[in-house]
Every structure is written in structure tokens, then in C-alpha cells.
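Novice: Have a look; sequence and predicted model below, questions after that.
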Amino acid sequence: MITITELQKIGVGTAGFGLFFILLGILLYFDSVLLAFGNLLFLAGLSLIIGLRKTCFFFFQWHKLKATSFFLGGVAMVLLRWPLLGMILEAYGFINLFKGFFPVAFGFLGNAFDIPYLSALFRRLQGGSSSMV
């Protein structure tokens with residue numbers, strides 16, 4: 001069983017609030033203050049969850065430098081009050097940073113929830129060979 005420290009619990013809450021503020025900032029027509037606050041909370045929460053050293057190692061691997069530069073450049077653009085361009089850059093960087101994690105997440109969602117068409121869609125996105133019908 002995995003033990004979760006108090007610092008990691010705080011990190012999960014911080015990252016969750018960060019995602020909430022990002023979603024709220026997008027819903028309120030790309031409000032730059034909410035997006036900037038959400039970005040900072042998300043990055044701080046990620047650092048608290050996995051640790052500062054592992055966070056730096058994840059972002060600054062040689063083969064992920066392009067995606068990291070797009071993601072952190074997007075964060076900088078949001079902080080400089082260019083929210084639409086910043087979120088586009090962030091989305092591109094986020095997809096490229098976490099593209100290895102998406103099949104695992106889709107596989108988990110396909111197996112965890114027994115929703116007829118949705119679980120088949122998640123299994124297909126995972127790369128499994130299941131039909132949609």
C-alpha cells in the first residue's frame with residue numbers, strides 16, 4: 001500500500017484548486033488573473049505531490065525540452081496578460097508533455113467505469129482492440 005504524506009495531500013488540494021481556477025478562467029472568457037493564479041497553483045501542487053527534484057527532472061528531460069518550453073512559455077504569456085495565446089501554447093506543451101500518460105489514463109477510465117459506449121471509446125483511445133458496438 002502506498003503511503004501518502006501530509007505534504008502530498010496538500011499538493012493534491014493545491015493542484016485541484018489550480019485546475020479549478022484554470023477552468024473558471026476559461027469559462028469567464030480567458031480571465032488572465034484566474035488563469036495565472038490557476039497555473040501557479042497547479043505547478044506548486046505538482047511540485048508538492050512528486051517533489052521539487054522529480055518535477056524538475058520531469059520537465060527538463062532532453063527529449064521533453066520542446067514541450068516544456070511551450071508549456072512554460074504559455075505560463076509566461078498568461079502571466080504577461082496574453083491569456084488566449086498563452087493557453088494555446090500551454091495546451092500544446094501539455095499534450096506533448098503528458099502524451100505517454102494518456103493511454104494509461106484512458107485504459108483506467110475504460111476499465112474503472114462500466115458505461116457501455118463510453119468505456120468502449122476509452123478502450124479504443126487506449127489502443128485496445130475493441131469494437132464500438
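Specialist: Yes, it's here.
Novice: Show me which positions of stretch 98-106 end up buried.
Specialist: Within stretch 98-106, the residues scored as buried using 16 or more other CB atoms under 10 Å are residue 106. (C-beta placed from N, C-alpha, C; glycine too.)
Novice: quick one: it to chain centroid distance?
Specialist: What separates the centre of stretch 98-106 from the centre of its chain is 11 Å, taken as CA atoms, centre = their mean, to the nearest Å.
Novice: Mind checking the pLDDT average for stretch 2-14?
Specialist: Stretch 2-14 comes out with an average pLDDT of 93.
Novice: Tell me the helices and strands packed up against the longest helix seen in the chain.
Specialist: Using DSSP state H, we find that the single longest helix of the chain is helix 6-27. Contacting helix 6-27 under the criterion 3 or more CB pairs under 8 Å, 6 or more residues apart in numbering; DSSP states H and E are the following elements: helix 32-50.
Novice: just checking, what packs against the helix or strand just after the helix it packs on?
Specialist: Moving toward the C-terminus from helix 32-50, the next helix or strand (DSSP states H and E) is helix 52-59. Judged by 3+ CB pairs under 8 Å, 6+ apart, the packing partners of helix 52-59 are helix 32-50, helix 65-79.
Novice: Distance to residue 92, mean neighbour count and mean pLDDT added to the ones you listed, as JSON lines?
Specialist: As requested, the helices and strands packed on helix 52-59 are exported to JSON lines (distance: least, CB to CB, whole Å; neighbours: other CB atoms under 10 Å; pLDDT from 0 to 100):
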{"stretch": "helix 32-50", "distance to residue 92": "15", "mean neighbour count": "19", "mean pLDDT": "96"}
{"stretch": "helix 65-79", "distance to residue 92": "5", "mean neighbour count": "18", "mean pLDDT": "97"}
